[in-house]
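S.K.: Requesting a structural model of the entry that follows:
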Amino acid sequence: MTTAPDPGLDAIMSERRQLINLAYRLLGSLADAEDVVQETYTRWYAMSPGQQEAIESPGAWLTRVAGRICLDVLGSARARRERYVGEWIPEPLPDRTEWAGDDPADRVTLDESVNMAFLVVLESMTPAERVAFVLHDVFRYPFAEVAAIVGRTPAACRKLASSARHRIDAARTSVTPAARQAGIVRAFKQAWEAKDIDALIALLDPGVVGVADGGGVVSAVLRPIEGAARVARYAVEIATLAPAMTLLERTVNGRPGLVAQRDGVTVMVMAFDVTEGRIKRLWAVRNPDKLHPWTAA
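M.R.: Below you'll find the model as predicted:
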């Protein structure tokens, strides 16, 4: 005797992609996002069939639970990141066509709400600000629903989202067309490979800030590097110390970036913020725990 398929299973599992997208934007970590989604489904299947049937909108229930779990994770993440070795950078994501792995439900939709500059600003917010802003401004949830997740009144959530919006606006830079961004990143790659300090400096904003994330697992500068000359010299130093490193132009969180490989293995992913024709900020992720989507199993 065969067991009849659960007619609601497809509907429940179809929410996975949405939950992954939400949790990644809230946490900046694909690994943490996957854990949140797993815990959300665990709580769903811990209910009896009768309890599940009583839920009018399973998708809304899953989102509410995932949002609450993310809020808890964000609270504990602050303590974890105080113990983190060096700078913490959100986990970089490849273009959907280059994702290492077979499950398309785990692929995050790349748009302006996942570019590295945006995620870094989200990191500066309180957990409640971040959740209220992402749910309302990015995913368009009404404040009444946001309030049920954050545990505050709709009016309070409206204030939280407004405060977060001001932070985003204050950090926003003029948008450089993608083709021009790609050309500048390509020129940076070529100057880096040539170890041409002058060419690198010409591509960098005078106040450029470079941040690296090794997580204490691999070597990386522990504090941000500021200034075009310092960033250029550091880049050349890396090129000198790692002559076997191959640089590839790739899409990183929806924008032109670079991937460094050694013997075919991704060892670094770089994201760039290009403003008015120059690189204003760059982020280099070296922590191998954050590079899984870039490395085929």
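S.K.: tell me what the top helix by length along the chain is packed against?
M.R.: Secondary structure assigned by DSSP state H gives helix 58-82 as the longest helix of the chain. Judged by 3 or more Cβ pairs under 8 Å, 6 or more residues apart in numbering; DSSP states H and E, the packing partners of helix 58-82 are helix 9-13, helix 16-27, helix 30-45, helix 127-133, helix 143-150. Just so you know, the C-beta spots here come from the backbone N, C-alpha and C atoms, and that holds for glycine as well.
S.K.: Would you mind listing where the chain has pLDDT under the threshold?
M.R.: Along the chain, the model assigns pLDDT under 70 to residues 1-9, 100-106, 296-297.
S.K.: how about the strands in it?
M.R.: Per DSSP state E, the chain carries strands over the ranges 204-213, 225-226, 246-252, 255-262, 265-275, 278-285.
S.K.: Tabulate the ones you listed in TSV, adding columns for mean neighbour count and distance to Lys159.
M.R.: Supplementary listing: those in TSV, determined by neighbours: other Cβ atoms under 10 Å; distance: least, Cβ to Cβ, whole Å:
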stretch	mean neighbour count	distance to Lys159
strand 204-213	20	30
strand 225-226	15	34
strand 246-252	17	33
strand 255-262	20	31
strand 265-275	23	28
strand 278-285	23	29
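S.K.: any chance of those in JSON lines, plus distance to Arg152?
M.R.: Putting these into JSON lines (distance: least, Cβ to Cβ, whole Å) gives the following:
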{"stretch": "strand 204-213", "distance to Arg152": "32"}
{"stretch": "strand 225-226", "distance to Arg152": "38"}
{"stretch": "strand 246-252", "distance to Arg152": "35"}
{"stretch": "strand 255-262", "distance to Arg152": "34"}
{"stretch": "strand 265-275", "distance to Arg152": "32"}
{"stretch": "strand 278-285", "distance to Arg152": "32"}
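S.K.: how about the nearest residue to Cys70 once chain neighbours are set aside, what does it touch?
M.R.: With Cβ to Cβ, 6 or more residues apart in numbering as the measure, Leu26 is the residue that lies nearest to Cys70, at 4.3 Å, once sequence neighbours are left out. When contacts are counted by Cβ atoms under 8 Å, 6 or more residues apart in numbering, Leu26 is found next to Ala33, Gly67, Cys70, Leu74, Arg130, Val131, Val134.
S.K.: Alright, calling it a day.
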